[in-house]
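**Q** The amino acid sequence is not available; the structure is as follows:
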């Protein structure tokens with residue numbers, strides 16, 4: 001948990017330094033700081049016991065929350081790969097909404113799997129879901145023509 005917190009805060013500091021802060025990095029830094037405070041400062045044991053479930057839930061909530069407000073979190077990374085004119089297109093937003101919905105689903109399903117099981121098969125299934133998410137995130141934009 002400390003490693004995740006240090007990594008998230010380190011990425012946030014780098015983003016602040018280069019003025020490239022994204023909502024996801026800000027959210028993850030806040031999440032890890034809160035989780036670490038709950039566990040280490042307040043000795044809330046269930047935070048440690050359910051750390052995987054909580055992490056996937058936090059990611060799922062963020063993903064679906066960003067879809068709900070029509071600001072999919074994937075759009076911030078996707079902007080680096082496309083022209084400014086395409087960024088303002090409806091298609092660009094639709095593709096990122098779809099990809100963010102996929103990731104939100106992967107995160108919520110992973111949280112449910114971790115809540116129900118902690119065996120090796122559960123971890124393998126989650127890793128397969130993540131691999132599918134990566135493949136779809138790469139593949140879907142290739143099927144959407146840049147206009």
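**A** Noted; the coordinates are in hand. No experiment lies behind these values; they were computed from the predicted model shown.

**Q** following the helix or strand hosting residue 96, which helix or strand shows up next?
**A** If you go by DSSP states H and E, residue 96 is part of helix 90-116. As assigned by DSSP H and E, the chain's next helix or strand after helix 90-116 is helix 120-142.

**Q** Setting aside sequence neighbours, what's the nearest residue to the most centrally placed residue in the chain?
**A** Nearest to the mean C-alpha position of the chain, by CA atoms, centre = their mean, lies residue 59 at 4.7 Å. Leaving aside its chain neighbours, residue 59 sits nearest to residue 107 (4.1 Å; criterion: CB to CB, 6 or more residues apart in numbering). The way it works is simple: take the backbone N, C-alpha and C, and place the C-beta from them, glycine included.

**Q** Wait, that neighbour touches residue 54, no?
**A** No: judged on CB atoms under 8 Å, residue 107 makes no contact with residue 54 at a distance of 11.3 Å.

**Q** and the residue nearest to residue 129 when sequence neighbours are not counted, how many neighbours?
**A** Once flanking residues are discounted, residue 129 sits nearest to residue 106: 4.9 Å by CB to CB, 6+ apart. Neighbour count for residue 106, taken as other CB atoms under 10 Å: 22.

**Q** Might you report the residue contacts of residue 106?
**A** Neighbouring residues of residue 106 by CB atoms under 8 Å, 6 or more residues apart in numbering: 129, 130, 132, 133.

**Q** State the pair within those residues that is farthest apart.
**A** 130 and 132 (7.3 Å; CB to CB).

**Q** Can you pull the phi/psi pair for residue 69?
**A** The phi/psi pair for residue 69 (degrees, to the nearest 10) reads phi -90, psi 10.

**Q** Okay, domains of this protein per the record?
**A** 1-46, 50-147 (automatic domain parsing).
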